[in-house]
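1. sequence plus predicted model, see below.
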Amino acid sequence: MSDNHKFQLGTLGALSLSVVSSVSIVICNKALISTLGFTFATTLTSWHLLVTFCSLHVALWMKLFEHKPFDARAVMGFGILNGISIGLLNLSLGFNSVGFYQMTKLAIIPCTVLLETLFFRKKFSRNIQLSLAVLLLGVGIATVTDLQLNLLGSVLSLLAIVTTCIAQIMTNTIQKKFKVSSTQLLYQSCPYQAITLFIIGPFLDGLLTNQNVFAFKYTPQVLFFIVLSCLISVSVNFSTFLVIGKTSPVTYQVLGHLKTCLVLAFGYVLLHDPFSWHNILGILIAVVGMVLYSYYCILESQQQKASEVSTQLPQVKESESDPLISVDNGSGILSDGVVPKAAVWNSNKDLHA
């Protein structure tokens with residue numbers, strides 16, 4: 001099996017793991033928060049990250065992956081920023097209507113595209129932009145119900161959008177720059193994220209719910225769902241870093257909106273949540289946008305490979321015609337006279353998703 005096929009299978013596996021684990025944890029947390037009344041989301045997230053770190057530490061002890069230390073300052077800044085972005089998203093939900101919060105989540109994709117275009121010179125074709133617009137329109141129709149604005153909520157939403165975009169872009173760039181795997185990055189950044197949320201979590205949850213997380217009555221049923229949520233979160237956190245590392249922040253956000261549509265559908269089928277015509281219409285439009293996005297990504301990936309191969313052919317022919325050039329340049333010549341080709345490196349992994 002070629003490296004390209006292995007990469008595509010790995011990407012598909014990462015996307016599938018992300019969808020299954022995220023939908024599972026949403027259903028679990030919905031039972032925990034809505035049914036059992038445990039509304040301390042930020043504190044719960046800090047417990048998720050703590051369990052994730054402990055799980056990875058056991059995996060390291062079992063030598064399932066290699067510890068690779070790198071720039072400690074970058075890891076600390078990345079971990080703290082991730083923790084702050086989670087806290088800001090929860091604050092945005094607390095100080096805004098549900099509709100405005102959904103608009104905040106929708107704004108992450110265009111903001112990410114803008115930041116990558118300005119600072120990383122990444123180009124998004126008109127077809128990709130069009131498919132993203134269709135996707136956002138569909139998710140907006142399916143999820144946005146009201147748009148009540150207030151100054152504090154708007155500022156918190158803006159800060160949440162910016163910090164989330166930067167954190168997700170850093171997840172991708174750090175893995176490439178320092179050549180670390182998603183597991184290695186998650187293992188080193190988890191403690192900083194957990195500590196950040198463990199410090200600010202009880203305060204934020206108290207501000208949003210007017211309740212004390214430490215005074216809550218922890219029944220066996222509540223404890224069971226907390227443990228289950230923490231165990232599922234290991235897969236969620238791992239798959240998040242894996243998907244962003246193998247694809248891009250934009251693809252991860254597209255996948256996130258697919259999860260939103262699936263959660264709506266599962267809520268209707270399993271939990272009998274209210275469903276209306278605009279939910280169905282929105283989900284259908286969003287699915288069309290996702291299909292278009294995937295199609296154009298694959299198409300542009302094939303075009304890019306074809307252009308890279310065509311640009312390498314003249315160089316190969318030139319080196320075959322004059323072996324002295326190859327010797328002078330330090331490239332090896334095989335005994336049967338065939339010049340080994342350099343591996344084609346595709347910098348835009350997003351197109352494989």
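-> Arrived safely.
2. any regions of this structure where pLDDT drops low?
-> Counting by pLDDT under 70, the chain contains low-confidence ranges at 1-9, 145-147, 267-268, 270-275, 312-353.
3. what about the helices in it?
-> Per DSSP state H, the chain has helices spanning 3-30, 41-61, 72-95, 98-106, 108-120, 126-143, 151-177, 182-209, 220-246, 249-270, 277-321, 323-328. These are given in chain order.
4. can I get these in a markdown table including mean neighbour count?
-> Yep, even glycine has a C-beta here, placed from its N, CA and C like the rest. Formatted as a markdown table, these follow (neighbours: other Cβ atoms under 10 Å):
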| stretch | mean neighbour count |
| --- | --- |
| helix 3-30 | 16 |
| helix 41-61 | 20 |
| helix 72-95 | 20 |
| helix 98-106 | 19 |
| helix 108-120 | 16 |
| helix 126-143 | 19 |
| helix 151-177 | 19 |
| helix 182-209 | 20 |
| helix 220-246 | 20 |
| helix 249-270 | 20 |
| helix 277-321 | 15 |
| helix 323-328 | 12 |
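5. mind listing what residue 165 touches?
-> Going by Cβ atoms under 8 Å, 6 or more residues apart in numbering, residue 165 touches 108, 111, 112, 115, 249.
6. dump those residues into TSV; add distance to residue 15 as well.
-> Output for those, formatted as TSV (distance: Cβ to Cβ, whole Å):
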residue	distance to residue 15
108	18
111	22
112	17
115	23
249	14
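7. what about residue 211, how many residues close to it?
-> The criterion is other Cβ atoms under 10 Å. On that basis, residue 211 has 14 neighbouring residues.
8. from residue 38, how far off is it?
-> Residue 211 is 10 Å from residue 38, where distance means Cβ to Cβ, to the nearest Å.
9. now do residue 288
-> With the distance defined as Cβ to Cβ, residue 288 ends up 37 Å from residue 38.
10. what sits against the most centrally placed residue in the chain?
-> Taking Cα atoms, centre = their mean, the centroid of the chain lies closest to residue 252, which sits 4.0 Å from it. Under the criterion of Cβ under 8 Å, 6+ apart, the contact list for residue 252 reads 18, 168, 240, 243, 244.
11. ok, the last one touching residue 167?
-> I take that to be residue 244. No: with contact defined as Cβ atoms under 8 Å, residue 244 does not reach residue 167; the gap is 9.7 Å.
12. ok, back up a step: the residue nearest to the centre of the chain and residue 33: what is the separation?
-> As for residue 252, its distance to residue 33 is 24 Å (criterion: Cβ to Cβ).
13. now do the shared contacts for residue 244 and residue 167.
-> Once Cβ under 8 Å, 6+ apart is applied, it turns out that residue 244 and residue 167 contact no residue in common.
14. how near is the closest residue in space to residue 129 that isn't next to it in sequence to residue 168?
-> Using Cβ to Cβ, 6 or more residues apart in numbering and skipping residues adjacent in sequence, the residue nearest residue 129 is residue 113, 7.6 Å away. Distance, residue 113 to residue 168, using Cβ to Cβ: 12 Å.
15. who touches both of those two?
-> The overlap between the contact sets of residue 113 and residue 168 (Cβ under 8 Å, 6+ apart) is empty.
16. residues contacting residue 113?
-> With Cβ under 8 Å, 6+ apart, residue 113 has these contacts: 124, 129, 132, 250.
17. hmm, back to that, now for the contacts of residue 252: which two are most distant?
-> Longest distance between any two of those is 13.1 Å, between 18 and 168; criterion Cβ to Cβ.
18. wouldn't residue 249 be in contact with residue 112 here?
-> Yes: here residue 249 reaches residue 112: they are 5.0 Å apart, a contact under Cβ under 8 Å.
19. anything in contact with each of the two?
-> With contacts defined as Cβ under 8 Å, 6+ apart, the residues adjacent to both residue 249 and residue 112 are 165, 168, 169.
20. wait, the last one sits on residue 249?
-> Yes: using Cβ under 8 Å, residue 169 is in contact with residue 249, at 5.2 Å.
21. any common contacting residues for these two?
-> 112, 116.
22. contact partners of stretch 120-133?
-> Stretch 120-133 is touched from outside by 109-110, 113, 116-117, 169, 173, 250, 254, 289-290, 292-293, 295-297, 300, 348, with contacts defined as Cβ under 8 Å, 6+ apart.
23. stretch 193-206 now?
-> Applying Cβ under 8 Å, 6+ apart, the external contacts of stretch 193-206 come out as 39-43, 45-46, 49-50, 53, 79-80, 82-84, 86-87, 90-91, 94, 211-214.
24. same question for stretch 63-80.
-> Contact with stretch 63-80 is made by 56, 59-60, 167, 170-171, 174, 178, 180-181, 183-185, 187-193, 196, as judged by Cβ under 8 Å, 6+ apart.
25. next: stretch 136-155.
-> The contact list for stretch 136-155, computed with Cβ under 8 Å, 6+ apart, reads 92, 95-100, 102-103, 106, 109-110, 257, 260-261, 264, 278-279, 281-289.
26. tell me the gap between stretch 22-36 and the middle of its chain.
-> 20 Å (Cα atoms, centre = their mean, to the nearest Å).
27. ends of it, what's the gap?
-> With Cα to Cα, to the nearest Å as the measure, the ends of stretch 22-36 fall 20 Å from one another.
28. which residues are in contact with that stretch?
-> Around stretch 22-36, the neighbours that count as contacts under Cβ under 8 Å, 6+ apart are 38-39, 41, 44, 219, 221-222, 225-226, 228-229, 232-233, 236, 239, 256, 259, 262-263, 266-267, 270-271.
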